[in-house]
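**Student:** mind looking at a prediction? Sequence and model below.
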Amino acid sequence: MGKRPIILISMIAGALWALAIVWGAQRANLPFLPPQIALPGAFILPGLITLLMIGRLAQRRFFDDSIIDGQDFSPDSAAWIDQQVLSNTIEQLVLALVIWPFVALTLGGGVILVMGFAFAIARLLFWIGYHISPPVRGFGFAATFYPTVLAAVWSILAWAM
């Protein structure tokens, strides 16, 4: 199977994941936690996953003389992949940081708690998938990105109505 079909399947699976996370969390009748309580809880697991990524890169540098002094990673090396994963994770976290507070206000804190847990799982899948083969990372990307997009749209519609 070529790269595009794998990526397309991953995108569709990520969209279904997003629907299950955002819609499922609302249908579960989770308590409407205030954002100031829910937001720290929603970001703790994504933060811990990011901590693992940073730690893994530090460990790679410490044990490899060719990169110990901060040299660039060789393209397509395991360390380079880890750096790409960390960069994308930071991008996804920034997006979540600016959107999830509004989601918590409109859809409830329980929704973003579920989104935070799902984010952490999706990032791990992205990380593992990237090491297996770059196209395989598609599900992890989509499963992180699409819930934030869907929750943003859903929140705006809920707020506007």
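**Tutor:** Everything's here; your move. Numbers count the residues shown, from 1 in each chain.
**Student:** which helix in the chain has the most residues?
**Tutor:** Using DSSP state H, we find that the single longest helix of the chain is helix 78-107.
**Student:** helix/strand/coil for the residue located most distally from the centre of the chain?
**Tutor:** What lies farthest from the middle of the chain is Asp65; by CA atoms, centre = their mean that is 31.3 Å. Secondary structure state of Asp65, per DSSP: H, G, I helix; E, B strand; the rest coil, is coil.
**Student:** gap between it and Gln71?
**Tutor:** 10 Å (CB to CB, to the nearest Å). Bear in mind the C-beta positions are built from the backbone N, C-alpha and C, glycine included.
**Student:** now swap in Val149 and tell me
**Tutor:** 36 Å.
**Student:** again with Ile7
**Tutor:** 31 Å.
**Student:** the more surrounded of those two?
**Tutor:** Ile7 (18 against 11; other CB atoms under 10 Å).
**Student:** now that one: which helix or strand?
**Tutor:** Per DSSP states H and E: Ile7 is located in helix 3-27.
**Student:** Ala18: what's it in contact with?
**Tutor:** For Ala18, the contact set (CB atoms under 8 Å, 6 or more residues apart in numbering) comprises Ala142, Ala143, Tyr146, Pro147, Val149, Leu150.
**Student:** most neighbours among these, please name it.
**Tutor:** In these, the most neighbours by other CB under 10 Å go to Pro147, 29 neighbours.
**Student:** backbone dihedrals for the nearest residue to Ala104 once chain neighbours are set aside, please?
**Tutor:** Computed as CB to CB, 6 or more residues apart in numbering, the closest residue to Ala104 that is not its neighbour in sequence is Pro35, at 3.8 Å. Main-chain torsions, Pro35, degrees, to the nearest 10: phi -50, psi -40.
**Student:** can you check Ser74 too?
**Tutor:** phi -60, psi 130.
**Student:** next, count neighbours for the residue nearest to Ile81 when sequence neighbours are not counted.
**Tutor:** Nearest residue to Ile81 in three dimensions, chain neighbours excluded: Tyr130, at 5.2 Å (CB to CB, 6+ apart). By other CB under 10 Å, 21 other residues sit near Tyr130.
**Student:** quick one: contacts for Tyr130?
**Tutor:** Ile81, Gln84, Val85, Val136, Arg137, Gly140 are the contacts of Tyr130 under CB under 8 Å, 6+ apart.
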